[in-house]
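# Okay, structure incoming, though there's no sequence with it:
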């Protein structure tokens, strides 16, 4: 990424979906370097070679960028590092543990001499357990029929020829809902086989690819899953399939899981929360000097995120406009970038050359309209209004509350007692909707 000299270059440097890569060092701001340093230390020095480490945070808080810059020369002396972005292999709106295990193994061996071996072992498994799998599918089909649910084709399911399909099997699994269902039925009772197969592949990978060097796998983007039932199924009900993979691994997880005992008890070191708080904790009372300094340091980090994307001698956004964008970001880096991006597109389209506070306010208004449509239910408005007034939810474990956090309608912070805030962009919307509901 080249630093911008004009509004068009600046806007293109702010496209929210463009994550910084390792060669974007000129514009990278090491916001979470203290946490990355701790994580590197544990990866290098902790002795359990199948250990799982967790990176927790809400969508857009900078986890992916931090992980893209996780690699260092010292770390590479100890480990071969394999980065897997699960968004490339899975439909994150619909994920099962079987999808994860199959995709993980494919991402590991893709374009290596082990890829053919993986396909052959999957076909071999289907042949070996053909009768057992068909019997289980027929029973499931009968149960569905008894309950009045159509199980079309379940009992006559055709097995997948991975040797012929090759990589197409996994691209289809991401794109096609029916194909995913079919794949899950085939491997439903064979999750232990998949786990054992992956560990076999990991052993071969270390022998053939890394030449004996230890392996660290970074598994990113699972924090962006949306369905609470599926998140719990993968990380709680089936967590041991992930934990028992025989390599060190770093996983990005949804923020609420960091408090679940099944995860927190496994993690030896407290799981750090990725977000930049911009306000003192309202539950703890007035902020002291240290907290005020931390908040200002966080704001400065966010200023740098924007300013490093333009040349030092060029001003493409007013200082007041940038401060307003930071206020409205809630400390979520991608939200800040998107606010400035939307404002920048408006300026570019009107042939302007600099973003003003009014441009930021207009951009926030447009984003508010988009977000408002996701919170119109009475239950969500009531929950959001409680958080707006008290900074705590009625229940931290309810599906509705977790969904609000996963969609960034609610932001979670930890400094002292955990506290929550309604996303600044929709705070006024929540007030208006709550008043309307109260008048009915």
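Arrived safely, thanks for sending. Note that this is a predicted model, so its numbers are computed, not measured. Numbers count the residues shown, from 1 in each chain.
# pLDDT weak spots in the stretch 301-440 of the chain?
Applying pLDDT under 70 to the stretch 301-440 of the chain flags the ranges 416, 440.
# which residues in it form strands?
Per DSSP state E, counting those that start in this stretch, the stretch 301-440 of the chain carries strands over the ranges 410-414, 418-422.
# Give the partner strands of the first one in its sheet and their orientations.
Same thing as strand 410-414. Each strand paired with strand 410-414, and its direction, by DSSP bridges: strand 418-422 (antiparallel).
# which outside residues touch the strand it pairs with?
Residues outside strand 418-422 that contact it (CB atoms under 8 Å, 6 or more residues apart in numbering) are 279, 281-283, 330, 384, 387-388, 391-393, 409-413, 430. Heads up, the C-betas are built off the backbone N, CA and C, glycines and all.
# Report the buried residues of that strand.
Going by neighbour count (16 or more other CB atoms under 10 Å), the buried part of strand 418-422 is 419, 420, 421, 422.
# what about the first one, distance to residue 71?
Using CB to CB, to the nearest Å, we find residue 419 at a distance of 34 Å from residue 71.
# quick one, domains of this structure?
Domain ranges of the chain: 7-15+278-371, 32-274, 378-439, per automatic domain parsing.
# what about the second one, start to end distance?
Yep, that's domain 32-274 we're talking about. Start-to-end span of domain 32-274 (CA to CA, to the nearest Å) is 8 Å.
# do the last one as well
For domain 378-439, the first and last residues are 13 Å from each other (CA to CA).
# quick one, what contacts the residue most central in space within the chain?
Residue closest to the mean C-alpha point of the chain, counted by CA atoms, centre = their mean, is residue 223 at 2.9 Å. Counting by CB under 8 Å, 6+ apart, residue 223 touches 55, 56, 57, 58, 59, 63, 252, 253, 254, 255.
# Try it again at 7 Å.
Residues near residue 223 by CB atoms under 7 Å, 6 or more residues apart in numbering: 57, 59, 63, 252, 253, 254.
# now it, what's its secondary structure?
Following DSSP: H, G, I helix; E, B strand; the rest coil, the label given to residue 223 is helix.
# mind starting the numbering at 4 from now?
Renumbered: residue one is now 4, and that last one reads residue 226.
# Going by length in residues, pull out the top helix of this structure.
Ranked by number of residues, the top helix in the chain under DSSP state H is helix 292-310.
# so what secondary structure elements neighbour it?
Judged by 3 or more CB pairs under 7 Å, 6 or more residues apart in numbering; DSSP states H and E, the packing partners of helix 292-310 are helix 322-332, helix 336-352.
# in the stretch 54-203 of the chain, which spans are strands?
Using DSSP E, counting those that start in this stretch, strands in the stretch 54-203 of the chain cover 55-60, 82-88.
# quick one, which of those strands is packed in tightest?
Most buried of these, by mean neighbour count (mean count of other CB atoms under 10 Å): strand 55-60, with a mean of 23.
# Tell me the strands beside it, with direction?
Strand pairing (DSSP bridges) places strand 55-60 next to strand 251-256 (parallel), strand 276-277 (parallel).
# Which of the ones you listed sits closest to residue 70?
Nearest of these to residue 70, taken as CB to CB: strand 251-256 at 7.0 Å.
# what angle sits between the closest one and strand 82-88?
30 degrees (axes from the mean of the first three to the mean of the last three CA atoms, to 10 degrees).
# Which helix or strand lies directly C-terminal to strand 251-256?
Where DSSP states H and E defines the elements, the next helix or strand beyond strand 251-256 is helix 264-267.
# Remind me what that next one packs against, helices and strands.
Partner elements for helix 264-267 (3+ CB pairs under 7 Å, 6+ apart): none found.
# Check which helix or strand residue 269 maps to.
Using DSSP H and E, no helix or strand contains residue 269.
# Okay, it and residue 260: tell me how far apart.
11 Å.
# What's the separation between the nearest residue to residue 406 once chain neighbours are set aside and residue 410?
Spatial nearest neighbour of residue 406, chain neighbours left out: residue 231 (6.3 Å); criterion: CB to CB, 6 or more residues apart in numbering. Residue 231 is 11 Å from residue 410, where distance means CB to CB.
# These two: who's more crowded?
With neighbours defined as other CB atoms under 10 Å, residue 231 and residue 410 compare such that residue 231 has more, 19 against 16.
# Give me the residues contacting stretch 98-110.
If you take CB under 7 Å, 6+ apart as the criterion, stretch 98-110 is touched by 87, 89, 92-93, 121, 173, 176, 183, 186-187, 190-191, 194, 197-198, 200-201, 204, 228, 233, 236-237, 241, 244.
# Now the buried members of the residues you listed.
Buried among these (16+ other CB under 10 Å): 87, 89, 92-93, 121, 173, 176, 183, 186, 190, 197-198, 200-201, 204, 228, 233, 237, 241, 244.
# For residue 68, which residues are in contact?
Contacts of residue 68 by CB under 7 Å, 6+ apart are 22, 23.
# any idea how far it lies from residue 54?
In terms of CB to CB, residue 68 sits 23 Å off from residue 54.
# again with residue 435
48 Å.
# Excluding sequence neighbours, find me the nearest residue to residue 196.
That would be residue 128: by CB to CB, 6+ apart, it lies 5.5 Å from residue 196.
# related to what we said a few turns ago, now the weakest link among the strands of the stretch 54-203 of the chain, please, by mean pLDDT.
Per-stretch mean pLDDT for the strands of the stretch 54-203 of the chain is lowest at strand 55-60 (a mean of 92).
# Just the residues contacting it, thanks.
With CB under 7 Å, 6+ apart, strand 55-60 has contacts from 42, 45-46, 66, 70, 226, 245-246, 252-256, 258, 260-261, 266, 269-270, 274, 276-278.
# residues touching the nearest residue to residue 266 once chain neighbours are set aside, list them.
Of all residues not flanking residue 266 in the chain, residue 260 sits nearest, at 4.9 Å (CB to CB, 6+ apart). Residues near residue 260 by CB under 7 Å, 6+ apart: 59, 238, 266.
# would you list those residues in TSV and tack on distance to residue 296?
Below are these laid out as TSV (distance: CB to CB, whole Å):
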residue	distance to residue 296
59	25
238	36
266	32
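# Measure how buried the closest residue to residue 298 other than its chain neighbours is and give me the count.
Spatial nearest neighbour of residue 298, chain neighbours left out: residue 281 (6.1 Å); criterion: CB to CB, 6+ apart. By other CB under 10 Å, 19 other residues sit near residue 281.
# name the element residue 281 belongs to?
Using DSSP H and E, no helix or strand contains residue 281.
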